[in-house]
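[1] this one's sequence-less:
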């Protein structure tokens, strides 16, 4: 059998076609995550913003990217692309950051993106229209990410609650990995804007600096993975009903 004939048979096989399609649908998500991370590097250089920026930007476009596909292979491919894109940029430009640190940051991002994706897809598979499912998920995700800002007026009276909220926050977890780049909320940490205008954390209210990423990763992963699983089951159940009715 000639090589050309073998290639023709290989790509005509249904499994091969689905594999190639899954890779192709992930390309836009990968390009988007790479571009967002590259813009963060262009704006902040190798500072804490290089790691926090992709976290925020990935949160903003994850619901739309996940909902752009109906097949689960495509959704999982997009999820993977959104996670690995920032890691590629971090490894490429951050010479003072080790591979182990990038790996830990990727775990934080993976847990968070899994949670956002799972929440989005659960709402979608519950027959909520895509734009509403994405909007609701994005709103809740932004509330969690930005509580150090909008909760600032109430934080001085709830010091114990601050400790619990910081315990599994993605920003604090990422900061714990790249502590050599500074501390978020401190002007020495490359976050002068947050220090002056956005939050009173690390100023009027001291917060415990995370020593490990695992509370953050486990909390988001243990919620996000079941959400994805339930979404998958609901999708299969709905597909099965359509097949039977047809």
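    Nice, I can see it. Note that the structure is predicted; figures quoted are calculated from it, not measured.

[2] OK, contacts around the residue most central in space within the chain?
    The centroid of the chain falls nearest to residue 113 when counting by CA atoms, centre = their mean (2.8 Å). Contact partners of residue 113, counting by CB atoms under 8 Å, 6 or more residues apart in numbering, are 58-59, 62, 79, 82-83. For glycine as for every other residue, the C-beta is placed from the backbone atoms N, C-alpha and C.

[3] any chance of a markdown table for the residues you listed, columns distance to residue 108, neighbour count and pLDDT?
    Output for the contacts of residue 113, formatted as a markdown table (distance: CB to CB, whole Å; neighbours: other CB atoms under 10 Å; pLDDT from 0 to 100):
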| residue | distance to residue 108 | neighbour count | pLDDT |
| --- | --- | --- | --- |
| 58 | 11 | 23 | 96 |
| 59 | 12 | 22 | 96 |
| 62 | 14 | 28 | 96 |
| 79 | 15 | 24 | 95 |
| 82 | 13 | 28 | 96 |
| 83 | 10 | 23 | 96 |
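
[4] can you tell me which two in the residues you listed are farthest apart?
    Between any two of the contacts of residue 113, the greatest separation by CB to CB is 13.2 Å, found for 59 and 79.

[5] that older thread, buried ones in the helix or strand containing the residue nearest to the centre of the chain?
    Per DSSP states H and E, residue 113 falls inside helix 99-125. Across helix 99-125, burial judged by 16 or more other CB atoms under 10 Å covers 101-102, 104-125.

[6] what's the answer for stretch 57-75, then?
    Neighbour-count burial for stretch 57-75 [16+ other CB under 10 Å]: 57-59, 61-67, 69, 74-75.

[7] that stretch: end-to-end distance?
    18 Å (CA to CA, to the nearest Å).

[8] how about low-confidence regions in this structure?
    Low-confidence segments of the chain (pLDDT under 70): 1-19, 22, 155-159, 184-210, 239-246.

[9] could you pull out the helices for it?
    Counting by DSSP state H, the segments of the chain that form helices are 3-12, 14-44, 49-67, 72-93, 99-125, 130-145, 147-150, 159-167, 170-177, 192-193, 214-245.

[10] okay if I get the ones you listed as JSON lines plus distance to residue 183?
    Formatted as JSON lines, the helices of the chain follow (distance: least, CB to CB, whole Å):
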{"stretch": "helix 3-12", "distance to residue 183": "52"}
{"stretch": "helix 14-44", "distance to residue 183": "16"}
{"stretch": "helix 49-67", "distance to residue 183": "12"}
{"stretch": "helix 72-93", "distance to residue 183": "19"}
{"stretch": "helix 99-125", "distance to residue 183": "16"}
{"stretch": "helix 130-145", "distance to residue 183": "18"}
{"stretch": "helix 147-150", "distance to residue 183": "13"}
{"stretch": "helix 159-167", "distance to residue 183": "12"}
{"stretch": "helix 170-177", "distance to residue 183": "6"}
{"stretch": "helix 192-193", "distance to residue 183": "12"}
{"stretch": "helix 214-245", "distance to residue 183": "16"}
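
[11] most packed of those helices?
    Mean neighbours per residue, mean count of other CB atoms under 10 Å, is largest over the helices of the chain for helix 170-177, with a mean of 24.
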